[in-house]
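A.B. asks: Generate a structure from the sequence data that follows.
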Amino acid sequence: MIVAKSLNKVHNLVTDKDMTYSYAETKTGSTWVDGKPIYRRVFKVTNKALSNGTMVQSFAKSNFDTMIDTRSFLQGSDGGLVPFPRVGSSGKGSGIEYSSANNGFMFMGNDSWGAQSSRWLMIIAEYTK
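C.D. replies: All right, here's what the predicted structure looks like:
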């Protein structure tokens with residue numbers, strides 16, 4: 001736990017409640033600079049070929065207001081996690097970005113990957129609504 005102390009008050013900067021991860025939308029207990037609550041949701045993508053411009057996860061109606069943070073990981077062939085964005089050999093790189101125009105997450109870059117049933121892509125999103 002990280003603790004900051006100011007003016008005789010102790011503030012928890014990271015709490016167990018803040019570190020909850022779920023496939024369901026979860027309030028983190030934190031607020032954004034505009035005072036709105038921050039939500040977190042995990043998306044697991046399997047059985048999808050990933051190349052530049054691929055819509056990885058789309059939403060009929062997301063109600064996302066501000067996308068605060070996204071982190072993505074692909075399970076490698078050895079079972080380890082490959083973080084996105086990543087830079088590979090020969091200058092190839094790739095990443096996942098949120099597109100508000102397309103209302104979803106897109107795979108961007110000059111690399112290609114395959115998310116199979118045994119090798120998945122995980123996207124962690126934090127946002128306000």
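
A.B. asks: residue contacts, K92?
C.D. replies: For K92, the contacting residues are 109-111, by CB atoms under 8 Å, 6 or more residues apart in numbering. C-betas here are computed from N, CA, C, even on glycine.

A.B. asks: Below-threshold pLDDT in this protein: ranges please.
C.D. replies: Counting by pLDDT under 70, the chain contains low-confidence residues at 1-18, 61, 88-89.

A.B. asks: can you give me the strands for it?
C.D. replies: 3-6, 9-12, 26-31, 37-45, 48-50, 54-58, 66-75, 81-84, 86-87, 93-99, 104-109, 113-115, 121-128 (DSSP state E).

A.B. asks: Y23 contacts R41, correct?
C.D. replies: Yes: contact between Y23 and R41 holds when scored by CB atoms under 8 Å: they sit 7.1 Å apart.

A.B. asks: Quick one: the strands of the chain as CSV, columns for mean neighbour count too.
C.D. replies: Rendered in CSV, the data for these read as follows (neighbours: other CB atoms under 10 Å):
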stretch, mean neighbour count
strand 3-6, 8
strand 9-12, 10
strand 26-31, 14
strand 37-45, 17
strand 48-50, 16
strand 54-58, 16
strand 66-75, 17
strand 81-84, 16
strand 86-87, 14
strand 93-99, 18
strand 104-109, 21
strand 113-115, 18
strand 121-128, 19
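
A.B. asks: would you turn the ones you listed into JSON lines with distance to M19?
C.D. replies: Conversion of these to JSON lines gives the following (distance: least, CB to CB, whole Å):
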{"stretch": "strand 3-6", "distance to M19": "15"}
{"stretch": "strand 9-12", "distance to M19": "11"}
{"stretch": "strand 26-31", "distance to M19": "9"}
{"stretch": "strand 37-45", "distance to M19": "9"}
{"stretch": "strand 48-50", "distance to M19": "28"}
{"stretch": "strand 54-58", "distance to M19": "22"}
{"stretch": "strand 66-75", "distance to M19": "13"}
{"stretch": "strand 81-84", "distance to M19": "17"}
{"stretch": "strand 86-87", "distance to M19": "24"}
{"stretch": "strand 93-99", "distance to M19": "21"}
{"stretch": "strand 104-109", "distance to M19": "22"}
{"stretch": "strand 113-115", "distance to M19": "25"}
{"stretch": "strand 121-128", "distance to M19": "11"}
